[in-house]
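Trainee: Give me coordinates for this.
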Amino acid sequence: MGNILTGFASFARPLLRIRHWEADYTLSAGIGYFKEKYNTYNAIDNELIGSRWLIYFGASFGAAYHICPDWGIRAGLEFCHHSNGALNRPNKGANVIGTTIGLVYEPNYPVLAAAPKGISRKPFRRYWFSEIALGVGAKTLNED
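Mentor: You can find the predicted model right below:
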């Protein structure tokens with residue numbers, strides 16, 4: 001199928017924070033660029049993507065265990081969808097469901113059990129952060 005370059009923004013919401021554990025969900029949306037679109041000459045097998053510019057949607061659920069105040073180990077389940085929004089044919093879209101595992105660095109994570117006396121033990125503190133992520137995966141075309 002080829003490789004899709006995607007830029008997107010995400011919204012992450014913690015659902016549960018207990019001592020060193022955190023569970024959350026993430027919703028993402030963006031645009032993608034695909035060099036190898038469908039054509040009848042050299043990409044006739046690519047029935048999933050029919051244009052170079054795509055829309056992207058992603059949703060994930062994950063949990064992290066913080067081994068110290070700033071670092072944690074994270075695992076989750078993720079769904080990603082790339083489509084041209086029916087602007088061109090074919091438009092089956094590329095859907096990917098996969099697992100994730102990783103090491104996370106969160107310098108603002110409130111470890112509730114380790115908070116010294118006098119510091120707020122509120123489980124949610126408002127703050128902004130940015131993240132850069134690189135993903136690698138494998139894919140195969142399931143025949144109809």
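Trainee: CA atoms for contacts and neighbours, from now on please.
Mentor: Fine.
Trainee: Can you list the low-confidence ranges for the protein?
Mentor: By pLDDT under 70, the weakly predicted segments of the chain are 1-2, 37-48, 108-127, 129-144.
Trainee: Just the helices from it, written as ranges.
Mentor: Counting by DSSP state H, the chain has no helices at all.
Trainee: where do the strands sit along it?
Mentor: In the chain, the strands defined using DSSP state E lie at 4-18, 21-34, 53-66, 71-83, 94-105.
Trainee: For beta bridges, what are the partners of the nearest residue to Gly102 once chain neighbours are set aside?
Mentor: Closest residue in space to Gly102, ignoring its immediate chain neighbours: Arg74 at 5.2 Å, by CA to CA, 6 or more residues apart in numbering. Assessed by DSSP bridges, Arg74 has beta-bridge partners Ala64, Gly102.
Trainee: and the gap between Arg74 and Ile18?
Mentor: Distance from Arg74 to Ile18, counting by CA to CA, to the nearest Å: 15 Å.
Trainee: Which of the two has more residues huddled nearby?
Mentor: Taking neighbours as other CA atoms under 10 Å, Arg74 and Ile18 compare with Arg74 leading, 18 against 12.
Trainee: which one of the strands of the chain is the most hemmed in?
Mentor: Comparing the strands of the chain by mean neighbour count (mean count of other CA atoms under 10 Å), strand 53-66 ranks first with a mean of 20.
Trainee: Could you check the angle that strand makes with strand 94-105?
Mentor: Taking axes from the mean of the first three to the mean of the last three CA atoms, to 10 degrees, one finds that strand 53-66 is oriented at 40 degrees with respect to strand 94-105.
Trainee: what's strand 53-66 packed up against?
Mentor: Here strand 53-66 touches strand 21-34, strand 71-83, going by 3 or more CA pairs under 8 Å, 6 or more residues apart in numbering; DSSP states H and E.
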